[in-house]
Structures are given as C-alpha cells and as structure tokens.
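Q: Have a look; sequence and predicted model below, questions after that.
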Amino acid sequence: MTMKLKILFFLLPLLFTSCVDEEYPTADTPQDNLEALWQLMDEHYCFFDYKKQTIGVDWDEVHQRYRQKINPNMNKEQLFEVLCNMVGELKDGHVNIGASFDLGRNWSFREDYPENYNDSIVSLYLGTDYMIAAGLKYKVLEDNIGYIRCESFSDGIGGGNLSNMLAKLAPCNGLIIDVRNNGGGNLTTAHKLASAFTNEKRLIGYVYHKTGKGRNDFSRPEPEYIEPFEGMRWQKPVVVLTNRSCYSSTNDFVKCMRTFPNVTIMGDRTGGGSGMPFTLELPSGWSVRYSAVVYLDSEMQHTEFGIAPDILVSMSGADTDRNRDTLIEEARELLKKS
C-alpha cells in the first residue's frame, strides 16, 4: 500500500521553494514504518557517500540488518527504539525521529568528548555587570580584553545592537568570542555576527542540495560569500573559543571566522553538523528530520564532523579547581602578545 506524501522544502539560502510528491509505504505497521523511513532517507539524505567513506556506513546493509529486528507485534516504544537506532548509524546530530513521548537523537558528537566548558566558571568572568545586546553577553575584562559570550544563534541580531556592542568594546586590545556549548540556531544570525569581522566580501564555502531520488543526484556546488557588515566592524585580533558542543550554525560561524586573517580558533574541534535539516512524516505520525543540503568550507571540504582549532586547548583540572577557565586564560595571553 502506498500514499502520496507532499514534501515542502524551504531552502532559504538558495532562495527557492519546491513541492515534491513521493510514494512511500503508508500502513501504520512496524514493517511499513521501517520501510518508509529507510526509503525517504535513501532518497533525500545528502551524506551517504561521505558517511560510507568516513565511518563505513552502508545504508543498504543497514536496511537488511534492521529489517530483521522488526516484529509485527512490537509496541510503539519498541519500534521507536529500533528506528532511532537505525538512523543513529549515520552519526548525524541533525537526524532524529520525534514522537509524542520522546525525541530520538544522536549526540555522540559531544557526549563522547570532554566538555571543555564550565558555566559556573564562565559566570565568574562575566560577573553581574556585563551588558547584553540581542542575547550576546559582553564585557571588558581586567586586562582590557573584550569578551563576548554567544550562547545561541536562535534569535536575530539587529544592526544597531551589533554596532553599539562593538563600539563599547572598541577600546579593547583584542576580543574573545566564546561560542562553546552553542548548539546553533539561525544561519542568518551566525553570518550576521561573522560579517562584523571582515572588511571585504569573502568566499566562505560552497553549498549544494539534493535534486532527485538517486543518492548522487545533487546540484552543482555554488559559491557562498559573506558581505561586510554595513555598521561598525572590528579591526583588531580575535580569538574564537570552541568545543565539541559547537554545532550546526555555530559550526558554520566558525567556518566563516577562520577565513578571516585576524582570527584564531582556539579550543577543541567543533561538533560539526554541516547539513541543513528538513522534516518529513512517517505513517505513525512521527516526524523524521534529516540533512538534505550540504555546506562545504572555502576549500570544498566537508565540515560535517567538525572543524579543528588553530590552537588545541583543553580545560585543566588544576584550573577548574581554582575557578579559572583554561581557554579564556590562554586566549587572553595570546591576545596580549598580538
């Protein structure tokens, strides 16, 4: 049995919208739900070749293996676990299944690594006299180094907010932008913040998307540029602090910033997540989120599994015991020498 599922893609970076009618198994049975999930991923997911090359995932083999786990008498919770485990093989934080009772996820990009961040210690650096502009917390540290704590890109940043914040920080000798534990949000917001650190239009990467059902049906990679912010722009050295919990649009922010000559990336590899997610629905009514648009860096390399820092720095136990943030302190020392 089949049904028509209407898929609406909102490809904002590509500035087009399209509707596609697809046929998938439709009965709300364990078998049909698995087959529908496998098929929609097979036709729309964008990283199969890359995941096979890097972590050895064979989607056809996954299909055969998980079909053996399906029992027509299994309950919803058991089926949910099997389906979540199946898409979990892709190790993609943008791929998950959502039900009314749970959200499946694969967060191994950060859960399998040291956090390299302590919110309580960061709050000591911020104190209580920090300022806030469009969700960005900022202040001038004792050694005349500016510090911006960016916790999310979910909200927009107004041009006035950005200009006023940079004007307040202008007397500083250098600037730290701390995006650790920032799980992403709005790509436009990430690019808006990055645009304040370049004086010229710069190539930041390439983007391409699925165009058909075949696993290799893609558009041609199109160059992606960032334009300089029209308001006040930062001209001095910058250190961006990262950890494994920098994901999705934060990964893209780091991708942009590392193309600028006065910027140093410090900390741990980012968590990755370079595919733009979209959502479909299974016969059960559960949502399936998947990556269908690929963003590459300026050298046409994948950043799906993260971006390595220019300088690898980890939190030390000795510093933590003294309420010191190793990454902030290393960044301050670097900026003093700049």
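A: Everything's here; your move. Numbers count the residues shown, from 1 in each chain.
Q: burial count for residue 165?
A: By other C-beta atoms under 10 Å, the residues close to residue 165 number 24. C-beta coordinates here come from the backbone N, C-alpha and C atoms, glycine included.
Q: now do residue 173
A: Applying other C-beta under 10 Å, we find 14 other residues in the vicinity of residue 173.
Q: For the stretch 151-300 of the chain, which segments count as strands?
A: Ranges of strands within the stretch 151-300 of the chain are 174-178, 202-209, 222-226, 238-242, 263-267, 275-281, 287-296, based on DSSP state E, counting those that start in this stretch.
Q: got the angle for the first one vs strand 263-267?
A: Meaning strand 174-178. Put simply, strand 174-178 runs at 50 degrees to strand 263-267, going by axes from the mean of the first three to the mean of the last three C-alpha atoms, to 10 degrees.
Q: follow-up on the earlier one: looking at the strands of the stretch 151-300 of the chain, spot the one closest to residue 256.
A: strand 202-209 (4.7 Å; C-beta to C-beta).
Q: And the closest one, what's buried?
A: Neighbour counts using 16 or more other C-beta atoms under 10 Å place 202, 204, 205, 206, 207, 208, 209 of strand 202-209 among the buried residues.
Q: go on, stretch 78-87?
A: Buried residues in stretch 78-87, counting neighbours by 16+ other C-beta under 10 Å, are found at 79, 80, 82, 83, 84, 86, 87.
Q: What mean pLDDT does that stretch get?
A: For stretch 78-87, mean pLDDT is 97.
Q: and that stretch, how far out from the chain's middle?
A: 23 Å (C-alpha atoms, centre = their mean, to the nearest Å).
Q: Then stretch 108-115?
A: For stretch 108-115, the distance to the chain centre is 14 Å (C-alpha atoms, centre = their mean).
Q: Of all the residues in it, which ones are buried?
A: Buried residues in stretch 108-115 (16+ other C-beta under 10 Å): 109, 110, 113, 115.
Q: what would those look like in a markdown table with pLDDT, distance to residue 307 and secondary structure?
A: Shown next, in a markdown table, are the buried residues of stretch 108-115 (pLDDT from 0 to 100; distance: C-beta to C-beta, whole Å; DSSP: H, G, I helix; E, B strand; the rest coil):
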| residue | pLDDT | distance to residue 307 | secondary structure |
| --- | --- | --- | --- |
| 109 | 75 | 12 | helix |
| 110 | 78 | 14 | helix |
| 113 | 84 | 14 | coil |
| 115 | 91 | 18 | coil |
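Q: Looking at these, which one is closest to residue 298?
A: So of the buried residues of stretch 108-115, ranked by how close each gets to residue 298 (C-beta to C-beta), first place is residue 109, at 22.2 Å.
Q: picking up where we left off before, taking the buried residues of stretch 108-115 together, which two end up most distant?
A: Longest span within the buried residues of stretch 108-115, C-beta to C-beta: 109 and 115, 12.5 Å.
Q: what is in contact with the two at once?
A: Common contact partners of residue 109 and residue 115 (C-beta atoms under 8 Å, 6 or more residues apart in numbering): residue 244.
Q: which residues does the closest residue to residue 276 other than its chain neighbours bridge with?
A: Ranked by C-beta to C-beta, 6 or more residues apart in numbering and with sequence neighbours excluded, the top spatial neighbour of residue 276 is residue 293, at 3.8 Å. For residue 293, the beta-bridge partners under DSSP bridges are residue 209, residue 276.
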